[in-house]
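3D model of this:
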Amino acid sequence: MCIVGLFPAWAELYSKTNKQLNFVQHINTLLKPIGRAAVVVPDNVLFEGGAGEKVREKLIETTDLHTILRLPTGIFYKPGVKANVIFFDKKPASPNKQTKEIWIYDLRTNKHFTLKKKPLQNSDLEEFVECYNPKNRYERRETYSEDNPNGRWRKFSIDEIEKNDKLSLDIFWIKDDDLIDLESLPSPEELAAEIYESLESAVENFKELMDELDYT
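Model (predicted):
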């Protein structure tokens, strides 16, 4: 298996400016039939339009892009940059798409790591390795279900993937605890009334403070 994380340059690529996209395409061209690769990429490789969509389309057509591992922020790149590991096997030339389904493991949502105080440990990857099932990945089992919507291991058919805008592979389904639950928010009228009351109270408190300080 080829595990890579650097960005060389070469000619005749879909994108002449995006080194990450160039890198992924370069690895694909280097692989021999039945060759395997695991490549670390930032999120934009999964959702960017234009050249990004073409590269993803090419991967789906020529390789079995079978697994995506969504990593926590700041693991491979600078803080704030989200990364993934994409796993694909090169296949012999065929008129049919080689990717039939993509398995995604979400190690990002509601997971918090730091490079110093709380670094990612091997133990944090144990469930992923078990779900990946390296001995026989054709016997995988989802941990996600309607009864377990927070299961981190989920399968998507290529038909589902192709319905995504720009063939996006930036897919997530677990509810992020850090985000506001928009469904539970009050109505706009209630929110406006609360804001007005808060502002009115703040103005009254400020007037009282001004009086105490004897401002006129």
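
Would you map out the domains in the protein?
The chain breaks down by automatic domain parsing into domains covering 2-176, 186-216.

If you average pLDDT over each of those domains, which is lowest?
Ranked by mean pLDDT, the domains of the chain end with domain 186-216 at the bottom, a mean of 66.

Asp89 belongs to a helix?
No. Counting by DSSP: H, G, I helix; E, B strand; the rest coil, one finds Asp89 to be strand, located in no helix.

Number of residues surrounding it?
19 (other CB atoms under 10 Å). (Each C-beta comes from the backbone N, C-alpha and C, glycine too.)

so of the domains of the chain, which one's packed in deepest?
domain 2-176 (a mean of 15; mean count of other CB atoms under 10 Å).

And it, how far out from the chain middle?
8 Å (CA atoms, centre = their mean, to the nearest Å).

Can you report phi and psi for Ser157?
Torsion angles at Ser157 (phi, psi; degrees, to the nearest 10) stand at phi -70, psi 160.

Pretty sure it sits against Lys100.
Yes. With contact defined as CB atoms under 8 Å, Ser157 counts as touching Lys100 (7.3 Å).

Show me what stretch 150-165 is in contact with.
Applying CB atoms under 8 Å, 6 or more residues apart in numbering, the contact partners of stretch 150-165 are 60, 97, 99-107, 127-128, 131, 140, 142-145, 167, 169, 171, 173-175.

Restricted to helices, list those.
Members of the contacts of stretch 150-165 lying in helices (criterion: DSSP state H): Ile60, Glu127, Phe128, Cys131.

can you redo those as a markdown table with distance to Lys90?
Shown next, in a markdown table, are the ones in helices among the contacts of stretch 150-165 (distance: CB to CB, whole Å):
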| residue | distance to Lys90 |
| --- | --- |
| Ile60 | 13 |
| Glu127 | 28 |
| Phe128 | 23 |
| Cys131 | 23 |
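
Which members of the residues you listed define the maximum pairwise distance?
Across those, the longest distance by CB to CB is 26.4 Å; it joins Ile60 and Glu127.

Understood, closing this out.
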